[in-house]
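Visitor: here is the input, now give the coordinates:
(4 chains)
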There are 2 protein chains.
Amino acid sequence: METKFRCNCPFTSALDILGDKWMLVIVKQMLMENKQTFKDFTESDEGIATNILTTKLKQLEAFGIITKTKLPNNNKSNIYLLTEKGLAMTPIIVELGIWSDNHLRDFNPTIVNEGGIELLRRDKAEFTRVIEQQYREKLATTMNIING
Amino acid sequence: METKFRCNCPFTSALDILGDKWMLVIVKQMLMENKQTFKDFTESDEGIATNILTTKLKQLEAFGIITKTKLPNNNKSNIYLLTEKGLAMTPIIVELGIWSDNHLRDFNPTIVNEGGIELLRRDKAEFTRVIEQQYREKLATTMNIING
DNA sequence: AATTTTACTTGCATAATACAAGTAATAAAA
DNA sequence: TTTTATTACTTGTATTATGCAAGTAAAATT
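Guide: Model (predicted):
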């Protein structure tokens, strides 16, 4: 899989990978909504098409952002997990949420006022820490199941 | 201009506007490379197509992220400037750069090691402050010219 | 053994992006 | 004043990304 970068700028290079409709959304779903399986993703509020999900999961794996594995005694469902590289996107997603909270309610009045928004507003660093810690805890649980 | 949001999630809503190939790149070009005119943008390293640039500038203006004005005694060139809402994207772009610096060099070995990268690595908050201050100073200069 | 579930694949349609040439208004030069 | 150059697009067409809906194969469940 060959990615063409537009130039040598680090900011643009991130967007050459992440600047599409679904890459960061999928990472957010894994990080904050604990989606782990193909079925989980297809049942998200955002409603991604299955052919697109297939493609994006492959790309995320190819970039080392997620891993794909299976539970013992279950050869059907794939389990998708964030790598350290994927977890390192937490600050990007957090900043997108802050910007949206402050600047997008005019355009999308349905944006919620719950789900940790108060902590996000009060202490962005703590919000980031909590999100990552919660994900790591669930990751550890899943890894224990995978490894027996 | 009608934007369809996928759901009520703040993180996803930001990406409903910014999650494409060019929106954040254009903001980055204004913020960090002082691009202000249509011509400036077409001459950037990223090489955007002029029909796309037209469309994206209109969208950014419609969302209140940039403004479009002209210099006195110059009815030809448009001057595009970031609004507060646009400047508020600085942390998003900064986080993209940090992620890229730490995690994308494998995939894009051409990513530079200059242009403030040392400060970005050492002190992200200071880097953000400096970038915003530099933009505000140039903005003030341009506004003085516009207003006589 | 039959049925259900999960993870895709496929064919086709729509939307976003890109290329290259052209146009109109404005500024600059002759 | 006329001609030329510059700037900001527009247009026609092609390619790529995304989406819809139906279908398929493997694995699990009944």
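Visitor: pLDDT score for the residue nearest to A:Lys35 when sequence neighbours are not counted?
Guide: Leaving aside its sequence neighbours, A:Lys35 sits nearest to A:Gln29 (CB to CB, 6 or more residues apart in numbering or on different chains; 4.3 Å). (Each C-beta comes from the backbone N, C-alpha and C, glycine too.) Looking at A:Gln29, its pLDDT reads 98.
Visitor: what of A:Gly148?
Guide: 76.
Visitor: same check on A:Thr83?
Guide: 98.
Visitor: measure how buried it is and give me the count.
Guide: A:Thr83 has 16 neighbours, counted by other CB atoms under 10 Å in any protein chain shown.
Visitor: hang on, it packs against A:Phe63?
Guide: No. At 9.5 Å, A:Thr83 does not count as touching A:Phe63 under the criterion of CB atoms under 8 Å.
Visitor: quick one: stretch A:79-94 near DNA strand D?
Guide: No. Counting by CB under 7 Å from any atom of the strand, DNA strand D has no neighbours in stretch A:79-94; the shortest distance is 12.6 Å.
Visitor: could you list the buried residues of that stretch?
Guide: A:79-83, A:85-94 (16 or more other CB atoms under 10 Å in any protein chain shown).
Visitor: do the same with stretch A:61-81
Guide: Neighbour-count burial for stretch A:61-81, with 16+ other CB under 10 Å as criterion, is recorded at A:63, A:65-66, A:78-81.
Visitor: remind me, longest helix of chain A?
Guide: When chain A is parsed with DSSP state H, its longest helix is helix A:124-147.
Visitor: next, the buried residues of that one.
Guide: Within helix A:124-147, the residues scored as buried using 16+ other CB under 10 Å are A:124, A:127-128, A:131-132, A:135, A:139, A:142.
Visitor: what does that helix contact?
Guide: Helix A:124-147 has contacts (CB atoms under 8 Å, 6 or more residues apart in numbering or on different chains) with A:30-32, A:34, A:36, A:69-72, A:79, A:81-82, A:87, A:90-91, A:94, A:98, A:116, A:119-120.
Visitor: what sits against the residue nearest to A:Lys35?
Guide: A:Gln29 neighbours (CB under 8 Å, 6+ apart): A:35, A:40-41, A:44, A:46.
Visitor: please redo it, this time with the cut-off set to 10 Å
Guide: By CB atoms under 10 Å, 6 or more residues apart in numbering or on different chains, the contact set of A:Gln29 is A:22, A:35-36, A:40-41, A:44-46, A:48, A:80, B:9, B:11-12.
Visitor: would you mind measuring from the residue most central in space within chain A to DNA strand C?
Guide: Geometric centre of chain A, nearest residue: A:Val27, 1.2 Å, by CA atoms, centre = their mean. Using CB to the nearest atom of the strand, to the nearest Å, A:Val27 is found at 17 Å from DNA strand C.
Visitor: skipping adjacent residues, who's closest to that residue in space?
Guide: Leaving aside its chain neighbours, A:Val27 sits nearest to A:Met89 (5.3 Å; criterion: CB to CB, 6+ apart).
Visitor: just the helices from chain A, written as ranges.
Guide: Using DSSP H, helices in chain A cover A:10-18, A:23-33, A:38-42, A:50-62, A:84-87, A:90-103, A:117-122, A:124-147.
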